[in-house]
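# Pasting a predicted model and its sequence here:
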Amino acid sequence: MTATIAPGLDGRHPIDITTTGRRTGEARRIEIAIHTIDGRLYISGMPSPRTRAWIHNLESDPRMTVHVKAPGARQDLPANARVISDATERREIMPRIAANWRRTDVDRMVEFSPLIEVTLD
């Protein structure tokens, strides 16, 4: 990660991601938060028992584009996603994300929040 884009991936600015629709094959773009934890990039979301379409899309095709939107750091970056479903790994990462959002329902987030690790190409 270069110093130019790092400020856009620090969790203070929303990003967009583009995935490929698993049924349509069309590009799907959403706004979402990204978190840098110990030098690694993670995307999560609010807890919900329903799996989001973007997670299904990434399970089908892990390639994605990260659209950095922070002033002075705007770039479109090819990336790959790894959906994290292992409970032990989720329990290690989710408290840090919960703290970023000032949430206290870590157990609920571990069980119901989407979680992916993003690797920039």
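Perfect, thanks for sending it. Residues are numbered from 1 along each chain as shown.

# Tell me where this structure has strands.
Taking DSSP state E, the strands of the chain run over residues 15-20, 27-32, 34-37, 40-44, 63-68, 75-83, 115-120.

# In the chain, which residue sits furthest out from the middle?
In terms of distance from the mean C-alpha position of the chain, Thr24 ranks first, at 21.8 Å (Cα atoms, centre = their mean).

# Give me the pLDDT for it.
Here, the pLDDT recorded for Thr24 equals 95.

# Please enumerate residues in contact with stretch 91-108?
Gly11, His35, Ile37, Tyr42, Ser44, Pro47, Ile84, Met109, Val110, Ser113, Leu115 (Cβ atoms under 8 Å, 6 or more residues apart in numbering). From N, CA and C alone the C-beta is placed, and that goes for glycine too.

# Buried ones from those, can you make that a PyMOL selection?
Buried subset of the contacts of stretch 91-108, written as a PyMOL selection, criterion 16 or more other Cβ atoms under 10 Å:
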select buried, resi 11+35+42+44+47+84+109+110+113+115
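
# Throw the contacts of stretch 91-108 into a markdown table and include distance to Arg102, thanks.
Listed next are those as a markdown table, based on distance: Cβ to Cβ, whole Å:
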| residue | distance to Arg102 |
| --- | --- |
| Gly11 | 13 |
| His35 | 13 |
| Ile37 | 16 |
| Tyr42 | 17 |
| Ser44 | 14 |
| Pro47 | 15 |
| Ile84 | 22 |
| Met109 | 12 |
| Val110 | 17 |
| Ser113 | 15 |
| Leu115 | 18 |
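
# For the closest residue to His56 other than its chain neighbours, give me its contacts.
If the residues on either side of it in the chain are set aside, His56 comes closest to Arg22, at 5.6 Å by Cβ to Cβ, 6 or more residues apart in numbering. Shown in contact with Arg22 (Cβ under 8 Å, 6+ apart): His56, Asn57, Glu59, Ser60, Asp61.

# re the thing from before, got TSV for the strands of the chain, with distance to Asn100 and mean pLDDT too?
TSV is the format used below for the strands of the chain (distance: least, Cβ to Cβ, whole Å; pLDDT from 0 to 100):
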stretch	distance to Asn100	mean pLDDT
strand 15-20	14	97
strand 27-32	13	96
strand 34-37	6	93
strand 40-44	9	96
strand 63-68	18	97
strand 75-83	19	96
strand 115-120	13	97
